[in-house]
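Enquirer: Here is a sequence with its predicted model. Questions after.
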Amino acid sequence: MKRLGNIGDKTIPLFFLALLVSLWQLIVDGGIIARYILPSPWDVVMVCIKILPDIKEHIYTTLQEALTGLVVAIVISVILAVLMDNFTLIRKAVQPLLVISQTIPIMVLAPLFAMWFGFGILPKIMVVILVCFFPIVVSLLEGLNSLDQDLLNLMKSMKANRWQIFYLAKFPSSLSSFFSGLKIAATYSIIGAVIGEWMGGKSGLGVYMTRVRQSFALDKVFASILIIIILSMILFKIIELIQFLVMPWRRAMNK
């Protein structure tokens with residue numbers, strides 16, 4: 001029954017997505033919306049295949065910015081979450097700033113980064129870090145705080161020091177929350193890089209999108225969006241695979 005439930009969980013969204021795409025195709029083929037305003041899904045896929053060899057450099061640049069920013073965001077988030085978990089003063093001082101940092105529109109900060117740091121790769125990476133670190137640090141902090149109190153008391157009664165409590169109990173118990181935040185951050189990383197590229201640069205999917213949008217090539221704009229979705233899903237699945245490998249006990253629990 002559980003396996004049937006899992007199959008249903010996977011097929012229902014696919015069926016719904018196929019239904020929406022079919023409806024979109026019928027609307028365009030039926031002439032309800034002109035193709036030059038809204039290309040059909042089939043047109044988008046064909047254009048995507050056609051332009052793929054020409055935009056490999058743009059894809060590489062965006063991936064480089066996204067992955068670099070994501071790695072830096074993970075390092076910052078882990079350090080910050082551990083410090084906040086261990087030192088109440090740091091937690092009280094930093095937590096409100098974390099929330100405030102997410103209330104500032106990224107579309108306002110991205111041009112400022114470009115003005116301060118130029119149109120190279122650095123301002124794009126900073127945008128990625130800014131959009132990625134919050135879900136990771138919040139999820140990891142919540143995971144660190146979710147340790148069972150009885151287990152914590154047991155370790156303290158066995159004279160375990162703070163470091164032993166962390167790597168033997170707290171960190172393993174927080175991995176599930178950590179990967180939940182990491183999966184969200186991974187999908188944000190690509191769009192973060194694209195937003196940074198919209199502010200200027202020589203290459204990247206955001207730069208390419210800006211160029212084709214200004215020439216009213218909407219089919220290529222939609223093809224770029226499709227590539228961004230595919231890249232984001234690939235990153236999401238890679239994180240899922242890493243979680244699958246480093247958390248063998250989770251597989252046993254799901255059986």
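Expert: Right, received. Where do you want to start? Please read all numbers here as calculations on a predicted model, not as lab measurements.
Enquirer: who are the neighbours in contact with residue 167?
Expert: Under the criterion of C-beta atoms under 8 Å, 6 or more residues apart in numbering, the contact list for residue 167 is empty. C-betas here are computed from N, CA, C, even on glycine.
Enquirer: And the helices in the stretch 51-200 of the chain?
Expert: Applying DSSP state H, counting those that start in this stretch to the stretch 51-200 of the chain gives helices spanning 56-86, 88-101, 106-117, 122-145, 149-157, 162-165, 171-198.
Enquirer: Tabulate those in TSV, adding columns for distance to residue 16.
Expert: Below are the helices of the stretch 51-200 of the chain laid out as TSV (distance: least, C-beta to C-beta, whole Å):
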stretch	distance to residue 16
helix 56-86	28
helix 88-101	34
helix 106-117	29
helix 122-145	25
helix 149-157	41
helix 162-165	45
helix 171-198	19
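Enquirer: To residue 228, which of these lies closest?
Expert: Closest to residue 228 of the helices of the stretch 51-200 of the chain is helix 171-198 (C-beta to C-beta; 5.6 Å).
Enquirer: related to what we said a few turns ago, go through the helices of the stretch 51-200 of the chain and name the closest to residue 223.
Expert: Of all these, helix 56-86 sits nearest to residue 223, with 11.6 Å by C-beta to C-beta.
Enquirer: List the buried residues in that closest one.
Expert: Residues 58-59, 61-70, 72-74, 77-78, 80-82, 84-85 are the ones in helix 56-86 that count as buried (16 or more other C-beta atoms under 10 Å).
Enquirer: Would you tell me which of the helices of the stretch 51-200 of the chain gets closest to residue 208?
Expert: Of all these, it is helix 56-86 that lies closest to residue 208, at 4.6 Å by C-beta to C-beta.
Enquirer: And the closest one, what does it pack against?
Expert: Secondary-structure packing of helix 56-86 (3 or more C-beta pairs under 8 Å, 6 or more residues apart in numbering; DSSP states H and E): helix 88-101, helix 122-145, helix 171-198, helix 205-214, helix 218-246.
Enquirer: okay if I get those helices as CSV plus distance to residue 40?
Expert: Shown next, in CSV, are the helices and strands packed on helix 56-86 (distance: least, C-beta to C-beta, whole Å):
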stretch, distance to residue 40
helix 88-101, 40
helix 122-145, 31
helix 171-198, 23
helix 205-214, 17
helix 218-246, 9
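Enquirer: Pick out the shakiest of these, pLDDT-wise.
Expert: Note on the helices and strands packed on helix 56-86: helix 88-101 shows the lowest mean pLDDT, a mean of 85.
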